[in-house]
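the following comprises the amino acid sequence and a computationally predicted model.
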Amino acid sequence: MSRWRDPATDPRAEEKTNLITPEGHAKLQSTRDFLWQVRHPELAIKVREAAAQGDRSENADYTYNKRELNRTLSRIRFLDQRLDVLKVVDRQPADTNRVFFGAWVTLEDEAGEEETFRIVGPDESDASRQLISIDAPRARLLLGKSLDDEVDLPTPEGSKPFIITAIHYKV
């Protein structure tokens, strides 16, 4: 897991697409709720207990827990701002035979090997679960393509041709 950075102040942050699936929105909301309702009170109690021990300048418990509390509050603020701008896409497109946001896409390479993944918002992408961001180069090249279209996609070995063998939407 990489270190979280506030995109508002991080020069490396790119502009993200503000689309999200209902599942992704629910997960972000539950993360925000957990941080606010469980993690924040726990850390506040720990900071209060550590502060009651006296000298804060040499109190490792106080310093650590205060830092964690600040990180948690920062993450909550970020999630609040992000949840405010996200648009939940909860319906299928008019043309379900083309690749759009939320599509499960199956590709086949020249060797006949298949891979399936879903195009989702950047806040919910997870390669281990076959969820790729709509902002990823691979997803951008697939948007608007139809069943049986051939498309050259970037791979670690270079550009490689794939055929779209299946497109489906689960809502």
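Perfect, I can see it now. Residues are numbered from 1 along each chain as shown.

for the residue nearest to Phe117 when sequence neighbours are not counted, what are its contacts?
Excluding the flanking residues, the one nearest Phe117 by CB to CB, 6 or more residues apart in numbering is Gln130, at 4.1 Å. (Glycine included, C-beta is placed from N, CA and C.) Counting by CB atoms under 8 Å, 6 or more residues apart in numbering, Gln130 touches Glu115, Thr116, Phe117, Arg118.

can you tell me how far the first one is from Arg98?
The reference is to Glu115. Remark: distance between Glu115 and Arg98 (CB to CB, to the nearest Å) = 19 Å.

settle it for me: which of the two has more neighbours?
Shown here are Glu115 and Arg98; by other CB atoms under 10 Å, Arg98 has more neighbours (17 against 11).

list the contacts of that one.
Gly144, Lys145, Ser146, Ile167.

closest to Trp36 among those residues?
Taking CB to CB as the measure, Trp36 lies nearest Ile167 of the contacts of Arg98, at 38.3 Å.

the closest one: helix or strand, and which one exactly?
strand 158-168 (DSSP states H and E).

what residues sit buried inside that strand?
Using 16 or more other CB atoms under 10 Å as the test for burial, strand 158-168 gives Phe162, Ile164, Ile167.

kindly report the same for stretch 43-51.
The neighbour-count check on stretch 43-51 (16+ other CB under 10 Å) flags Leu43, Lys46, Val47, Ala50 as buried.

now do stretch 122-138
For stretch 122-138, by 16+ other CB under 10 Å, it's Pro122, Asp123, Glu124, Ser125, Leu131, Ile132, Ser133, Ile134, Asp135, Ala136, Arg138.

residue contacts, the last one?
With contact taken as CB under 8 Å, 6+ apart, Arg138 is in contact with Ile132, Leu153, Pro154.

mind checking the SS state of it?
Here Arg138 is recorded as helix under DSSP: H, G, I helix; E, B strand; the rest coil.
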